[in-house]
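# Return atomic coordinates for the entry below.
(one chain, ligands or ions: 1)
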Amino acid sequence: MKWMLTGGAGYIGAHILRALHDQGHDVVVLDDLSTGLRRKVSEGVPFVEASILDTDSVTRALTDHRVDGVIHLAAKKSVGESVEQPHMYFEQNVQGTMALLDAIKAADVHHMVLSSSAAVYGSPDVDAVTEDTPTMPINPYGQTKLAQEWLVRDLSESGYDLSWVALRYFNVAGAGADDLGDTGVFNLIPMVLRALDDGQAPQVFGDTYPTPDGTCIRDYIHVQDLAEAHVAAVTQAERGGRTDIYNVGRGMGFSVLDVLDAVRSAMGSDFAHEISAPRAGDPASLVAAVNRIHSELGWQAQRDLADMVTSAWSAWQAFPPA
Ligand SMILES: NC(=O)c1ccc[n+]([C@@H]2O[C@H](COP(=O)([O-])OP(=O)(O)OC[C@H]3O[C@@H](n4cnc5c(N)ncnc54)[C@H](O)[C@@H]3O)[C@@H](O)[C@H]2O)c1
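Coordinates of the predicted model:
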């Protein structure tokens, strides 16, 4: 089977591309390069520069490359930006997915893996979030990721034959290779490295949350583990297996201060941080229950927080972001 990877020039997409390639899968990348980098798409991989909003171009690419399934990652992903520019997030993430699904139908494609997010849960009052925990997103980004899930599910329930899997990623970190590091500044570890490069103290957004050290707790997952979860999802979709939603995390929470200490250890240096105001839309704690993906897809995270921080720091030094 041949797969199209939307957003394949981005941080996570480029890891998935490499993991699928290593397993002998045939992949075409479609990306508008709005945040992605062309250099992350390996030579020899067919690349289509287009927006998912452009149904005609996407339909043509799916048909020309005889694609059987789509792994959909192309999206905007910053919670803070989504609070400031909600319409842009609904346009790119929701209208973009509607346009992509129109192309999928027009090109007679019947398999899909959707990139979703823990942001769909909002701020649940539970120790570990299962896939059945009610979804109550508390920011426009999370709302758009939930709407993406609804669009895919509703298409499959409308009579169109679509076998799909949605993966709800928790907090993605690290690098599977030095040339694939996270060059954005929306996730915690790159934000810390960017501040240190600029000679500033990294900011900690709020220290009065109801958590043991007062800072937000998240479930960090190594991007290479996440890429391997996609290989498992693709295998399930190819088998025409169960359509379902899966959390992708480690089932373990770390606070912002824990992560800063891990960065200090990886860098072998001490640095001060500053406490600033909490950000709008940040829940206090989000930790995944990961039993479902383990038992049904046979996937389990292999790498720990030290692996994430060490690989992120190594990639940052080898390929310093502009
Ligand atoms: N990074 C995380 O911690 C995290 C957590 C949960 C979910 N996700 C989801 O993972 C996916 C990928 O995130 P990432 O961290 O790799 O971000 P990224 O910004 O590095 O990658 C997104 C890619 O999509 C492309 N893109 C964006 N809009 C597009 C459009 N309209 N048409 C075509 N291409 C477009 C960008 O150029 C980029 O290559 C997103 O769907 C995001 O919501 C990320």
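# Now do the same contact list for the nearest residue to Phe205 once chain neighbours are set aside.
In this structure, Phe205 finds its nearest non-sequential neighbour in Arg279, 4.6 Å apart by Cβ to Cβ, 6 or more residues apart in numbering. C-betas here are computed from N, CA, C, even on glycine. Contact analysis of Arg279 by Cβ atoms under 8 Å, 6 or more residues apart in numbering lists 79-80, 205-206.
# Doesn't Arg279 lie inside a strand?
No. Under DSSP: H, G, I helix; E, B strand; the rest coil, Arg279 falls outside any strand and is assigned coil.
# Now it. Its backbone dihedrals?
phi -90, psi 150 (degrees, to the nearest 10).
# Kindly state the pLDDT recorded for it?
Arg279 carries a pLDDT value of 85.
# Would you confirm that Ala266 contacts Trp316?
No. The criterion here is Cβ atoms under 8 Å, and Ala266 misses it with Trp316 at 10.2 Å.
# Looking at these two, which is more packed in?
Trp316 (23 against 19; other Cβ atoms under 10 Å).
# chain center to the lengthiest helix in the chain: distance?
Determined from DSSP state H, the single longest helix within the chain is helix 140-157. Its chain's C-alpha centre and that of helix 140-157 lie 15 Å apart, by Cα atoms, centre = their mean, to the nearest Å.
# ok, and what's touching it?
Contacts for helix 140-157 (Cβ under 8 Å, 6+ apart): 72, 75-79, 81-83, 86, 89-90, 92-94, 97-98, 101, 105, 112, 114, 116-117, 119-122, 135, 137, 162-164, 166, 243, 245, 281.
# redo that, cut-off 6 Å
79, 82, 86, 89-90, 93-94, 97, 101, 114, 116-117, 119-120, 135, 137, 162, 164, 166 (Cβ atoms under 6 Å, 6 or more residues apart in numbering).
# Okay, and which of the residues you listed map to helices?
79, 82, 86, 89, 97, 101.
# What backbone torsions are found at Thr59?
Torsion angles, degrees, to the nearest 10, at Thr59: phi -60, psi -40.
# What score does it have for pLDDT?
pLDDT at Thr59 comes out at 98.
# for the ligand, what are the nearby residues on the stretch 1-150 of the chain?
The stretch 1-150 of the chain comes close to the ligand at residues 6-7, 9-13, 31-36, 51-53, 73-75, 77, 92, 96, 115, 117, 145, as judged by Cβ under 6 Å from any ligand atom.
# So which of these are in helices?
11-13, 96, 145.
# Between the residues you listed, which sits nearest Gly24?
When these are compared for distance to Gly24 (Cβ to Cβ), Gly13 comes out closest, at 18.5 Å.
# how many neighbours does the closest one have?
27.
# State the distance from it to Ala128.
Using Cβ to Cβ, to the nearest Å, we find Gly13 at a distance of 28 Å from Ala128.
# Likewise for Ser255?
Applying Cβ to Cβ to Ser255 and Ala128 gives a distance of 16 Å.
# ok, now Leu101?
Taking Cβ to Cβ, one finds Leu101 at 32 Å from Ala128.
# out of the two, which sits in the busier spot?
Leu101 (24 against 18).
# Run through the residues that contact that one.
Leu155.
# Number the residues from 9 up from this point.
From this message on, residue numbering opens at 9, which makes the last subject Leu109.
# and the closest residue to Trp324 other than its chain neighbours, how many neighbours does it have?
Spatial nearest neighbour of Trp324, excluding adjacent residues (Cβ to Cβ, 6+ apart): Leu201 at 4.9 Å. Neighbour count for Leu201, taken as other Cβ under 10 Å: 24.
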